[in-house]
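Peer 1: Next one to model:
(chains A and B)
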Protein chains: 2
Amino acid sequence: MKELKRHIGELVALTDDEFAAISSYFRAERYKKGTFLIRQHEMVPYTYFVVSGLLKLLYTDASGKEHILSFAMEDWWETDYLAFNTGTMATMSLICLEDTNVLCLTLQDYQELCVAFPKMEHFFLQKAVSGHIASQQRILSLLSSNATDRYVKLLKRYPSLLQRVSKSQLAAYLGVSRETLSRLYQ
Amino acid sequence: MKELKRHIGELVALTDDEFAAISSYFRAERYKKGTFLIRQHEMVPYTYFVVSGLLKLLYTDASGKEHILSFAMEDWWETDYLAFNTGTMATMSLICLEDTNVLCLTLQDYQELCVAFPKMEHFFLQKAVSGHIASQQRILSLLSSNATDRYVKLLKRYPSLLQRVSKSQLAAYLGVSRETLSRLYQ
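Peer 2: As a prediction, this is how the structure comes out:
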């Protein structure tokens, strides 16, 4: 849990006793590469904090084509937020691209944590605002940039990603064909 | 301010005294159609609650082409969140498409409001999560849907929009050309 303590500590100060109480709301899990943490059309019982490893959040359309919304790596929070918050079925899947360590939090525990520790409500507000900002930037990029620009920006922000995911995955994130992406590599 | 009271009241219960204190953090403004509330490359001093009217949040690229991130109407909160939260220059503009009434809130007042009224921190957390969910859905739509599907979904969700914005604006929101959109109208 030391990763979570450091991560929360970047935004709010916690005593050891406070963190001990807070960490009791989370359950640590280790999943093998290829495991589905969320499966499209099923319930979403958890939001996940990524301790180590890498996941992809993706939507598979009616024709079977994959569209990747995000790669979630160390220090990310990820889930299908609509399904998790409203108790509806997932419209996306969350899958391990590497062996992955996560901390799982249920909606009820998330809500109780916010009531019991106003500092955590403040923390989650900062994270939600950051998530909203990142999404606004990604929408902007999808609307206005061409594939080359999106590729360059992604690798500038996450230089290690090229070593960690396949070209097909990168193409499904950038919203371009595998062939278009191959041209960008050259 | 009665619109704000009703709007906050949908998520958290407030006494009249609490709301009187909370409302003192906001400043009401009325802007004419065409007014820039945020201008790309300038500072962003406020986040805005839309009481009535309609705004567009847009990015103008180097070639002068407009890309619309969102239409903000009654009960929406809108700003360039990255610039507002980090004190950097705006990467987008926010412009009135109709005569518009807004309530303005500075970052400092937003932060003080959250400290003074934990209920407001809870309220803003709910709104930030909703904003993040809406953005996740829009990314999904941009990645996976064709122009026809995006058009149908938009009008199903906001049936009044077709009467309130021009075809050029709709095309800039959907990420399609004006010609493609014209074909969808038929």
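
Peer 1: Quick one: end-to-end distance for stretch A:66-79.
Peer 2: End-to-end span of stretch A:66-79 (C-alpha to C-alpha, to the nearest Å): 17 Å.

Peer 1: near chain B, which residues of chain A?
Peer 2: A:59, A:61, A:65, A:67-69, A:80-82, A:85, A:91-92, A:114, A:118, A:121-122, A:124-125, A:128-129, A:131-133, A:135-140, A:142-144, A:175 (C-beta under 8 Å from any C-beta of the partner chain). To be clear about C-beta, it is placed using only N, CA and C from the backbone, and glycine gets the same treatment.

Peer 1: go again using 7 Å as the cut-off
Peer 2: A:59, A:61, A:67, A:69, A:81-82, A:85, A:118, A:121-122, A:124-125, A:128-129, A:131-133, A:135-140, A:142-144, A:175 (C-beta under 7 Å from any C-beta of the partner chain).

Peer 1: Residue of chain A nearest chain B, please.
Peer 2: residue A:135 (3.2 Å; C-beta to the nearest C-beta).

Peer 1: could you point out the longest helix in chain A?
Peer 2: helix A:118-144 (DSSP state H).

Peer 1: The most centrally placed residue in chain A bridge partners, please.
Peer 2: By C-alpha atoms, centre = their mean, chain A has its centre lying nearest to residue A:78, at 3.1 Å. Assessed by DSSP bridges, residue A:78 has beta-bridge partners residue A:48.

Peer 1: just checking, it touches residue A:44?
Peer 2: No: with contact defined as C-beta atoms under 7 Å, residue A:78 does not count as touching residue A:44 (10.9 Å).

Peer 1: where in chain A is pLDDT low?
Peer 2: For chain A, the stretches flagged by pLDDT under 70 are A:185-186.

Peer 1: Can you show me the strands along chain A?
Peer 2: For chain A, the strands defined by DSSP state E occupy A:27-31, A:36-38, A:46-52, A:55-60, A:66-72, A:77-78, A:93-96, A:100-106.

Peer 1: Using PyMOL, define a selection of the buried residues within the residues of chain A next to chain B.
Peer 2: This is the PyMOL syntax for the buried subset of the residues of chain A next to chain B, where burial follows 16 or more other C-beta atoms under 10 Å in any protein chain shown:
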select buried, chain A and resi 59+67+69+81+82+85+121+122+124+125+128+129+131+132+133+135+136+137+138+139+140+142+143+144+175
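
Peer 1: list the contacts for the residue nearest to the centre of chain A?
Peer 2: Counting by C-beta atoms under 7 Å, 6 or more residues apart in numbering or on different chains, residue A:78 touches A:48, A:50, A:55, A:57, A:70, A:72, A:94.

Peer 1: can you check residue A:122 too?
Peer 2: Residue A:122 makes contact with A:12, B:121 under the criterion C-beta under 7 Å, 6+ apart.
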